[in-house]
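Q: how would this look folded up:
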Amino acid sequence: MRRRDFVRLLALAAAAGATLRPAQSEAQAAAELYDVPPFGNVSLLHITDVHAQLLPLHYREPSVNIGDGRPPHLVGEALLRYFGIRDGAQAHALTHLDFEAAARRYGKTGGYAHLATLVKRIRASRPRALILDGGDSWQGSATALWTEGADMIGAQQRLGVDYMTAHWEFTYGAERVERAIKQLNPVEFLAQNVRTVDFEDPVFAPYALREVNGVLVAIIGQAFPYTPIAHPRHRFADWSFGIQEARLQKLTEEARAKGAKAVVLLSHNGMDVDLKLAARVSGIDAILGGHTHDGVPAPVVVGKTLVTNAGSHGKFLALLDLEVGADGVCGYRYRLLPIFTELLPPDAEMARYIDAVRKPYTQKLAEKLAVTQGMLYRRGNFNGSWDELLLAALLAQKGAEIAFSPGFRWGGTLLAGDSITLEELMAQTAITYPQTTVTELSGAEIKAVLEDVADNLFNADPYLQQGGDMVRVGAMTYAIAPRERIGRRISDMRLRGAPIQAEKKYKVAGWAPVREGVEGEPVWDVAARYLRDIRNIPPLAVNQPRLVG
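A: Coordinates of the predicted model:
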């Protein structure tokens, strides 16, 4: 069965009320989604931005991703048209369209036990395939926070990860990262762009050479370049980051000189940065990217470089097959495979490990705080309904006039009628600097904050975009002109309908301060107290800014 026939069959089955449950004949046909014939002589399996999600989940893709109208800035129907994808399971995995109904129809995605099943299936036909982890694997859950990533390291080892790079991993602090790397074996940690502040010595191995079916392959690691800006600098005060374009060019040439016929960058830059990088650094055959959580079903070709991004939360496994000859890469096949838990049975070994590593915490995590009557999601350039819930908690519990919440992309989705457990709350808040704050800010200072974050998100130069989405705001509204320059993007700020005055002071609650020494109760305690009081959460209206231009 051809792929387009598979998608058509799923659409017909869905129209008839069918699901993807394994007992049904539709599932037998749909299972061919994972029947990917081998190609070439070098195979790379890529996961990224798992955010410590060992278990299956729902994850709604964004409905807003402002940019240049090309990948990765395509959502919904525009994305499906661009890549020639029809309605069905794949469309559900890649978009927000009719998300709640489709999520109930197709079930959850991800989960390391189900991912392990697919990895083993693909490796059976590609026994020398390499598994690459793009980072953001050790952060995003309560158990990862409480074990400092140890639960995820065990999962990576059992999955068979060969190489990884990092971003949120650094927020555990330099000492923990160094200890963790010693525990990673046989996983190798790569990051060419992390150096010591004093002498610019490499902190980690910059790249690795691996022979695959007689072909020498170079894997270069690229950690998140803006880690010291986005997170508390004091946690890794002796390390510098950055894109380090010139060093990357030198390492690429060095690897080629040592005989590498294929050079791959395992990147956590974000896709816009990778697209610019690919146009400026020569000799890289493929960039397997992460950070921006973009599920992009086909590579963007920049010159001779394939630029990819493999989504997030364990929802996808990317497969890049390369044909490499004496003169280098001469052909490729790429598939972005969604992990549907109703099509992939859990791997028994990985499932036993997950049960064991979670066992000390399961009773605590299962506490039912409330029930949601509407869908809760986070991903998008602006507020999501999960953000609205956290903002409401800050406003109510801290007696603030305005609330700010970080523009994080990570955190799963709950459907209407789902219980909000402590585990689900922690999946939105589990970081090493969770302190809540209450500050008096003038209207001018509030505008400056919004302008700074907007410039970070919408700057025309990708190298000046430092990741994340727009800060989430509660109780206030504003207008934004993304294509303007800094200082001119934010306007018409209002608090409950009244204009915010530049000189007036406002009581603003927030969380996740990057300054050292800030005290305050963890945001999950604040939100849990609020949820226990409310118990029943009605559908939440999402506060979106008015877009200009």
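Q: who touches the helix or strand residue 330 falls within?
A: If you go by DSSP states H and E, residue 330 is part of strand 328-338. Strand 328-338 has contacts (CB atoms under 8 Å, 6 or more residues apart in numbering) with 33-34, 36, 39-40, 89-90, 93-94, 109, 118, 261-262, 285-286, 295-299, 306, 308, 310-311, 315-324. Where you see a C-beta, it was placed from the backbone N, CA and C, and this is true even at glycine.
Q: in strands only, show me these.
A: 262, 286, 306, 308, 316-324 (DSSP state E).
Q: any of those buried? List them.
A: The neighbour count (16 or more other CB atoms under 10 Å) marks 262, 286, 306, 308, 316-322, 324 as buried among those.
Q: which members of the residues you listed are the farthest-apart pair?
A: Pairwise distances across those (CB to CB) peak at 24.1 Å, for the pair 316 and 324.
Q: so where's this structure shaky on pLDDT?
A: For the chain, applying pLDDT under 70 flags the ranges 1-31.
Q: have a look at it and report its longest helix.
A: helix 443-458 (DSSP state H).
Q: got the CA coordinates for that one in CSV?
A: Output of helix 443-458 as CSV, limited to C-alpha atoms (Å, rounded to 0.1, in the frame of the first residue of the first chain):
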residue,chain,number,x,y,z
GLY,A,443,3.6,50.8,32.6
ALA,A,444,6.8,51.8,30.8
GLU,A,445,8.7,48.8,32.4
ILE,A,446,5.9,46.4,31.4
LYS,A,447,6.2,47.7,27.8
ALA,A,448,9.9,47.2,27.9
VAL,A,449,9.6,43.6,29.0
LEU,A,450,7.1,42.8,26.2
GLU,A,451,9.3,44.6,23.6
ASP,A,452,12.4,42.7,24.7
VAL,A,453,10.7,39.3,24.4
ALA,A,454,9.0,40.2,21.1
ASP,A,455,12.4,41.2,19.7
ASN,A,456,13.8,37.9,20.8
LEU,A,457,10.9,36.1,19.0
PHE,A,458,10.4,38.2,15.9
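Q: just the buried positions in it, please.
A: 443, 446-447, 449-451, 453-458.
Q: cool, stretch 83-97 as well?
A: In stretch 83-97, counting by 16+ other CB under 10 Å, buried: 83, 85, 87-97.
Q: circling back to that earlier point, so which of the buried ones among the ones in strands among the contacts of strand 328-338 comes closest to residue 191?
A: So of those, ranked by how close each gets to residue 191 (CB to CB), first place is residue 286, at 18.0 Å.
Q: all strands of the stretch 351-500 of the chain, in order?
A: 368-372, 402-405, 419-421, 436-442, 472-474, 476-480, 490-495, 498-499 (DSSP state E, counting those that start in this stretch).
Q: from residue 51, how far off is the residue nearest to residue 184 when sequence neighbours are not counted?
A: Leaving aside its sequence neighbours, residue 184 sits nearest to residue 153 (CB to CB, 6 or more residues apart in numbering; 6.1 Å). Using CB to CB, to the nearest Å, one gets 15 Å for the distance from residue 153 to residue 51.
Q: pull the number of nearby residues for the closest residue to residue 280 other than its chain neighbours.
A: Once flanking residues are discounted, residue 280 sits nearest to residue 245: 6.2 Å by CB to CB, 6+ apart. The tally of other residues near residue 245 (other CB atoms under 10 Å) stands at 15.
Q: same question, residue 77
A: 12.
Q: just checking, it touches residue 97?
A: Yes: with contact defined as CB atoms under 8 Å, residue 77 and residue 97 form a contacting pair (6.9 Å).
Q: overlap in contacts, these two.
A: With CB under 8 Å, 6+ apart, residue 77 and residue 97 have no common neighbours.
Q: helix or strand: which one has residue 120?
A: Going by DSSP H and E, residue 120 is in helix 112-125.
Q: show me what counts as buried in that helix.
A: 112-119, 122-123.
Q: distance of residue 134 relative to residue 87?
A: 29 Å.
Q: before we move on, the earlier item: any idea how far residue 309 is from the residue nearest to residue 280?
A: 19 Å.
Q: show me the domain layout of the protein.
A: What automatic domain parsing lists as the domains of the chain is 42-55+112-356, 366-547.
Q: any idea which of those is most buried?
A: domain 42-55+112-356 (a mean of 21; mean count of other CB atoms under 10 Å).
Q: so how far is stretch 537-549 off the chain centroid?
A: 22 Å (CA atoms, centre = their mean, to the nearest Å).
Q: what residues does that stretch touch?
A: So stretch 537-549 is contacted by 64, 370-376, 382-385, 388-389, 392, 416, 420, 470, 473-474, 477-484, 491-492, 531 (CB under 8 Å, 6+ apart).
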